[in-house]
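Participant: Model the structure of this input:
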Amino acid sequence: MDRSLYDFGLVGLGVMGRNFILNVADNGFTAFGHDLDGDKVSALVTEGGNPSRINASTEVQTFVNSLSIPRKIMLLVPAGKIVDAAIESVLPHLDLGDIIIDGGNSLFTDTNRRESYLHSKGIRFFGAGVSGGAKGARFGPSIMPGGSKEAYQEVQPIFEAVAAKYKGEPCVAYLGPKSAGNYVKMVHNGIEYGLMQLTSEIYDILKRMGNYSTVDLQRIFSEWNKGRLQSFLVEITADILNKEDDKGDGYLVDKILDKAKQKGTGKWTSQNAMDLGVPIPSIDIAVSMREISALKEERIQANTLYSHSPIETITIGEIEKIAEEALYFAFIITYAQGLYQLAEASKEYAYNLNLSTVAKIWRAGCIIRAGLLEDISQAFSKNDKLSNILLDPNFVDKIESTVGSARELVLLGIKNGIPLPGLTNSLTYFDAFTSNKLPLNLIQAQRDYFGSHTYERTDMEGVFHTEWESQK
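Facilitator: The predicted model follows:
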């Protein structure tokens, strides 16, 4: 092989792309980047330092011709039409057997379409979710590849070198055929939405009912991160609460507008869960709350139209303990919902996912990394037929010891008009999931009444229909 050629190519030298390709070069591989923006190309070459180790070009043909055969080209560009455009730009210059990897947050159905299209062109293609943000891309992300296993094996040494490590084990593994990688990343992001919503709710009720200062809250989240709530999101919450405002007095978080944006992956998770018939209410409401937050003008107007009773305060220390237990409970429930969606999607789309492996590669590098994932991985490892961690004896104990605090906090929120939709939906999901009888018998009767949709009975086999009006 010509050693003057580069091991790995990357299209898209934005923050994520630049950091990822620098990570590749730092781990013993040569890398060549491509972007139409000359400033981004120059910035990479300057930061890379050694052109024989890392280089870049605005010319697509120069880029492709600089790579060793089979070419391994990763795309780190925004999801949608830009991915298709990037594929079409390199395609005329490729040889049979070359590899294209979509490392963005592409919708899984787009990944299936692209794989089929490129297969017809003799090009190997797979999607690989990458989580960890800019810092993760630079120093070790969690990587979720799926698609052509043969193509992945060509890239495996590079991915294992650049991925985050958990006790020395790379946080990357081949997950399954077709769009398995992008699908797992999509659900990862849905879980992320849920955990972020829950964290914000606990922050809110501590502040409003416990009268905790921002300094107090920083201490609380920092302490929680040393215990069973250890996680990236709790860790960064403590950091955020500690950041002073460089444009004024006080802390920056208190000056940030309460309108949250989204890029679509949480919505896709909810939409697909609906298609599969999988309940994920903690994730659904997290998506809805971002949409409600966008109604800032209407919320301000509504606030003036309705009376608000004074919020009672609760003894400091007592609410802190309740909040920790409630957040731990709701974190478990949110992971349970997302992983159950993966279990059902694996059956529907023939991904053959190993949920223990999925949890393992989330233990470091990614946004939803948490100490809890080690227990989750072990639960699925012990029982490969397990579909929901709420059925694992170890998690029964965790839930039983914390669900009471979740109930107490939800009651406090309702009584005081403090919205806790993520926590409330998590509790409702748990109560419904663990109930051996729900009032849906009435709904089935209603459906049969107005639409002759039939029903089943508890005391005999068969499908039945009743002429309800004739009984009047």
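
Participant: what's the longest helix in this protein?
Facilitator: The longest helix of the chain (DSSP state H) is helix 318-349.

Participant: Now do the buried residues in it.
Facilitator: For helix 318-349, the neighbour count (16 or more other CB atoms under 10 Å) marks 319-320, 322-343, 345-346, 349 as buried. Any C-beta I mention is one placed from the backbone N, CA and C, and that applies to glycine too.

Participant: can you give me the helices in the stretch 201-350 of the chain?
Facilitator: Counting by DSSP state H, counting those that start in this stretch, residue ranges of the helices within the stretch 201-350 of the chain are 214-224, 232-241, 265-276, 281-293, 296-305, 318-349.

Participant: Just checking the distance from the longest one to the centre of its chain.
Facilitator: Taking CA atoms, centre = their mean, to the nearest Å, the mean C-alpha location of helix 318-349 is offset from the chain mean by 12 Å.

Participant: before we move on, what about stretch 204-223?
Facilitator: When distances are taken as CA atoms, centre = their mean, stretch 204-223 is centred 26 Å away from the chain's centroid.

Participant: if you average pLDDT over that stretch, what comes out?
Facilitator: Stretch 204-223 shows a mean pLDDT of 95.

Participant: Using PDB, write out the CA atom coordinates for it.
Facilitator: Below are the C-alpha coordinates for stretch 204-223, written out as PDB (Å, rounded to 0.1, in the frame of the first residue of the first chain):
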ATOM      1  CA  ASP A 204     -37.100  23.800  39.300                       C
ATOM      2  CA  ILE A 205     -38.900  22.300  42.300                       C
ATOM      3  CA  LEU A 206     -35.900  22.500  44.500                       C
ATOM      4  CA  LYS A 207     -35.500  26.200  43.600                       C
ATOM      5  CA  ARG A 208     -39.200  27.100  44.000                       C
ATOM      6  CA  MET A 209     -40.200  24.900  46.900                       C
ATOM      7  CA  GLY A 210     -37.000  24.500  48.800                       C
ATOM      8  CA  ASN A 211     -35.900  28.100  48.200                       C
ATOM      9  CA  TYR A 212     -32.400  26.800  47.300                       C
ATOM     10  CA  SER A 213     -30.000  29.300  45.900                       C
ATOM     11  CA  THR A 214     -28.100  28.600  42.700                       C
ATOM     12  CA  VAL A 215     -25.000  28.000  44.900                       C
ATOM     13  CA  ASP A 216     -27.000  25.500  47.000                       C
ATOM     14  CA  LEU A 217     -28.200  23.700  43.800                       C
ATOM     15  CA  GLN A 218     -24.700  23.500  42.500                       C
ATOM     16  CA  ARG A 219     -23.600  21.800  45.700                       C
ATOM     17  CA  ILE A 220     -26.600  19.400  45.500                       C
ATOM     18  CA  PHE A 221     -26.000  18.300  41.900                       C
ATOM     19  CA  SER A 222     -22.300  18.000  42.500                       C
ATOM     20  CA  GLU A 223     -22.900  15.700  45.500                       C
END
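
Participant: Please identify the buried residues of that stretch?
Facilitator: 205-207, 209-210, 212, 214, 216-222.

Participant: phi, psi of Phe32?
Facilitator: phi -130, psi 130 (degrees, to the nearest 10).

Participant: I figured it hits Ser4, correct?
Facilitator: No: between Phe32 and Ser4 there is no contact under CB atoms under 8 Å: 11.1 Å.
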